[in-house]
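[1] Below are the sequence and a predicted model for it; my questions follow.
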Amino acid sequence: MIVTGYTILFAYVAIRAVKLSLVHDECLSHTMVLGIDYWRSTANHHVLNTFMMEVSAQIFGQSEWALRLPNVLSFLLYLLSCFLITRLIKHPKLQLFCAGFLVLHPFMLDFFSLARGYGISLGFMSMSLYFLLRRSIKPETFGEWITDYAWAIVMGALAILANLAMINYFIAMIGVFALTYLRLVQKKAIRKVWMHLAALVTFSFSFIPIILGGDRLLHLSREDELYIGEPNLLSSIQSFTDSILYVFNVPSWIPYVLQATVLILFALITISLLYKRVFSSRLATTTLVVYLIAIGLILENLIFSVNFPTPRTALPFIPLLSLCIIFFFEHLILYYEKRKTLILRLMTIVGASIMIHFVCSLNLSHTKTWHYDKYTKEVMSRIGQIAGQSSRPLTISNYWTLEPSINYYIITRELNVQLADRGGTRTSTDFIYDYDWGQLPKGFLPLLTFKDTGTRLLAKSHFVQNQ
């Protein structure tokens with residue numbers, strides 16, 4: 001059942017990769033595939049993603065699905081890790097809940113259908129989480145510990161290479177493995193000198209991604225490329241909550257209820273772990289990782305004035321928070337067996353809510369973050385039809401956020417249209433692709449209007465009249 005569900009979900013992600021318009025940030029990455037290096041020194045350059053886009057483009061061309069293929073394949077890795085984590089759970093109903101709760105997040109799924117580093121990083125991060133959790137943080141031997149640690153740092157390093165925001169997770173993960181190492185030393189499971197030397201070498205290698213990632217962060221800071229983010233923790237949580245809800249026009253009170261629920265949940269988790277004195281469990285480990293990342297973000301803000309995460313840079317919290325909820329249910333079933341029926345009913349309600357939200361969010365047309373690019377492919381297809389009948393290259397002006405996607409379609413579809421720029425809208429051009437500000441420039445008529453995005457395509461009057 002789980003395999004069937006995951007297969008359907010993978011098909012959904014793959015279809016979206018084919019259907020969605022290539023969005024703003026993807027198109028900036030595409031310029032690097034074309035050999036334009038301007039964006040390589042910016043935060044838009046997700047190193048591993050750009051490299052994999054280049055490889056895919058050389059093999060399959062520069063269509064939307066070809067550029068997005070690395071992220072789609074990364075979803076297979078994410079699904080595999082979720083399946084493996086699910087198998088760690090013994091309770092059948094909780095197993096099914098885990099399998100669904102880890103994947104049915106529309107905002108997260110967006111990034112597996114886009115040519116950005118976020119999906120790739122989530123795939124590697126989730127696999128590193130599996131190695132962190134698979135022995136319940138109770139390795140009996142040094143061999144078990146070092147094997148899990150080695151695999152976890154390899155996967156974590158690749159996650160950082162795909163998205164620098166993963167560096168906080170990577171540091172937290174190292175901290176947890178260090179605590180496990182000390183526990184093994186205390187139990188006298190590590191006695192020989194060569195074991196300590198092997199651990200020292202492994203720890204040393206694990207700092208390489210941190211040093212390299214930190215160096216790139218300093219470079220981006222010097223280039224003033226770390227300006228994106230939220231000014232405080234509260235606004236970061238609020239924007240993240242809004243994105244997780246995904247659907248538009250939800251009642252204003254729902255995000256606040258969700259935020260309060262998460263805070264109460266972590267308070268209950270912490271109290272129960274301390275009350276039951278459970279310090280070596282999957283719940284304790286995942287909760288510790290979340291706390292360490294949160295502390296790191298606060299310290300970075302206080303010491304280096306780094307902004308708090310935006311929804312997309314906070315993506316690692318989606319699988320982490322999901323695991324905390326899953327393992328909390330496991331904890332409740334194990335330690336509060338008298339209330340097992342009530343716990344299972346609550347789990348069913350949560351699972352049903354997630355499923356309903358996911359179904360309501362299903363679409364093959366847009367993403368949450370770059371909603372404004374929903375119709376760019378359609379717009380450029382319409383312009384291409386008109387430009388194909390013109391004896392001269394036509395021109396277009398536009399709002400600046402729409403420029404990268406416009407140019408992607410001009411280049412890849414070889415349209416008889418001059419490249420767009422970020423100089424704003426001008427009545428001297430043949431087309432204007434902009435937001436509907438309520439005024440119609442003289443000599444222009446609407447060719448396409450999109451109420452949900454507030455955008456419109458205007459064309460010189462004679463182009464519209466000839467349609």
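    Everything's here; your move. Numbers count the residues shown, from 1 in each chain.
[2] and the helix or strand where Ile343 lies, what does it pack onto?
    Using DSSP states H and E, Ile343 sits in helix 340-361. Judged by 3 or more C-beta pairs under 8 Å, 6 or more residues apart in numbering; DSSP states H and E, helix 340-361 is in contact with helix 92-101, helix 106-110, helix 317-335. From N, CA and C alone the C-beta is placed, and that goes for glycine too.
[3] mind listing what's buried in the longest one?
    Okay, so that is helix 317-335. For helix 317-335, burial by neighbour count (16 or more other C-beta atoms under 10 Å) applies to 317-333.
[4] Equivalent analysis for the first one, please.
    Along helix 92-101, the positions that meet the burial threshold by neighbour count (16+ other C-beta under 10 Å) are Leu94, Gln95, Leu96, Phe97, Cys98, Ala99, Gly100, Phe101.
[5] so which of those residues comes closest to Val278?
    Ranked by distance to Val278 (C-beta to C-beta), the buried residues of helix 92-101 are led by Leu94 at 16.8 Å.
[6] Go ahead and confirm Leu394 touches Ala420.
    No. Using C-beta atoms under 8 Å as the test, Leu394 is too far from Ala420 to be in contact (11.2 Å).
[7] Doesn't Arg456 belong to a helix?
    No. Looking at Arg456 with DSSP: H, G, I helix; E, B strand; the rest coil, it is strand, so not inside a helix.
[8] which ones are touching it?
    By C-beta atoms under 8 Å, 6 or more residues apart in numbering, Arg456 lies in contact with Tyr433, Asp434, Tyr435, Asp436, Pro446, Leu448, Thr449, Phe450.
[9] Please apply the same query to Tyr169.
    Each residue near Tyr169 by C-beta under 8 Å, 6+ apart is listed here: Met125, Gly156, Ala159, Val289, Ile293, Pro316, Leu320.
[10] which SS state does the third one fall under?
    The assignment at Ala159 comes out as helix when based on three-state DSSP.
[11] show me what contacts it?
    Ile120, Ser121, Leu122, Phe124, Met125, Ser128, Met166, Tyr169, Phe170.
[12] And the residues you listed, which is closest to Gln259?
    Tyr169 (21.4 Å).
[13] what's the longest helix anywhere in the chain packed up against?
    In the chain, taking DSSP state H as the definition, the longest helix is helix 193-222. Contacts defined by 3+ C-beta pairs under 8 Å, 6+ apart place helix 193-222 against helix 142-162, helix 167-186.
[14] Recalculate using a threshold of 10 Å.
    If contacts are counted by 3 or more C-beta pairs under 10 Å, 6 or more residues apart in numbering; DSSP states H and E, helix 193-222 sits against helix 47-60, helix 142-162, helix 167-186, helix 282-304.
[15] out of these, nearest to Thr429?
    helix 47-60 (29.6 Å).
[16] and the helix or strand just after the closest one with helix 92-101, angle?
    Proceeding N to C from helix 47-60, the next assigned helix or strand is helix 64-87, under DSSP H and E. Interaxial angle of helix 64-87 relative to helix 92-101 (axes from the mean of the first three to the mean of the last three C-alpha atoms, to 10 degrees): 160 degrees.
[17] so what's Phe248 scoring on pLDDT?
    At Phe248, the pLDDT value in this model is 68.
[18] ditto for Thr310
    For Thr310, the model assigns a pLDDT of 92.
[19] so who does it touch?
    When contacts are counted by C-beta atoms under 10 Å, 6 or more residues apart in numbering, Thr310 touches Ala165, Ile228, Gly229, Glu230, Ser235, Ser236, Ser239, Phe240, Ser243, Thr369.
[20] In three-state terms, label the residue nearest to the first one when sequence neighbours are not counted for me.
    In space, Ala165 comes closest to Thr313 once its chain neighbours are excluded; the distance is 4.2 Å by C-beta to C-beta, 6 or more residues apart in numbering. In three-state terms, and counting by three-state DSSP, Thr313 is coil.
[21] what does Asp434 give?
    strand.
[22] For my notes, please list the contacts of Ala159 in a markdown table and give pLDDT and distance to Ile208 for each entry.
    Putting those into a markdown table (pLDDT from 0 to 100; distance: C-beta to C-beta, whole Å) gives the following:
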| residue | pLDDT | distance to Ile208 |
| --- | --- | --- |
| Ile120 | 98 | 19 |
| Ser121 | 98 | 17 |
| Leu122 | 98 | 22 |
| Phe124 | 98 | 16 |
| Met125 | 98 | 18 |
| Ser128 | 97 | 15 |
| Met166 | 96 | 14 |
| Tyr169 | 97 | 16 |
| Phe170 | 97 | 11 |
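[23] Redo the contacts of Thr310 as TSV? Include secondary structure.
    Formatted as TSV, the contacts of Thr310 follow (three-state DSSP):
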residue	secondary structure
Ala165	helix
Ile228	coil
Gly229	coil
Glu230	strand
Ser235	helix
Ser236	helix
Ser239	helix
Phe240	helix
Ser243	helix
Thr369	coil
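[24] Including neighbour count, distance to Leu73 and pLDDT, could these go into a markdown table?
    Below are the contacts of Thr310 laid out as a markdown table (neighbours: other C-beta atoms under 10 Å; distance: C-beta to C-beta, whole Å; pLDDT from 0 to 100):
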| residue | neighbour count | distance to Leu73 | pLDDT |
| --- | --- | --- | --- |
| Ala165 | 23 | 21 | 92 |
| Ile228 | 11 | 27 | 83 |
| Gly229 | 17 | 29 | 88 |
| Glu230 | 20 | 31 | 91 |
| Ser235 | 14 | 34 | 89 |
| Ser236 | 21 | 30 | 91 |
| Ser239 | 18 | 29 | 89 |
| Phe240 | 27 | 27 | 91 |
| Ser243 | 22 | 24 | 90 |
| Thr369 | 20 | 21 | 94 |
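[25] wait, which of these is closest to Phe207?
    Once C-beta to C-beta is applied, the member of the contacts of Thr310 that ends up nearest Phe207 is Ala165, at 18.5 Å.
[26] confidence score at Leu226?
    In this model, Leu226 is scored at 81, pLDDT.
[27] ugh, wrong one, I meant Gln467
    Note on Gln467: pLDDT of 66.
[28] re the thing from before, and the helix or strand following the helix holding Ile343, average pLDDT?
    Sequence order places helix 376-387 as the next helix or strand after helix 340-361, per DSSP H and E. For helix 376-387, the mean pLDDT works out to 96.
[29] what packs against helix 376-387?
    For helix 376-387, the packing partners by 3+ C-beta pairs under 10 Å, 6+ apart are strand 396-398, helix 403-412, strand 431-435, strand 444-450, strand 455-460, helix 461-465.
[30] Of all these, which one is nearest Lys138?
    Among these, the nearest to Lys138 by C-beta to C-beta is helix 403-412 (49.4 Å).
[31] Give the buried residues for the helix or strand of the chain with the lowest mean pLDDT.
    Least confident helix or strand, the chain: helix 461-465 with a mean of 81, by mean pLDDT, DSSP states H and E. Neighbour-count burial for helix 461-465 flags Phe463 (criterion: 16+ other C-beta under 10 Å).
[32] which residues of the stretch 1-150 of the chain score low on pLDDT?
    Residues of the stretch 1-150 of the chain meeting the criterion pLDDT under 70: 137.
[33] Could you do the stretch 201-350 of the chain as well?
    Ranges of the stretch 201-350 of the chain meeting pLDDT under 70: 248.
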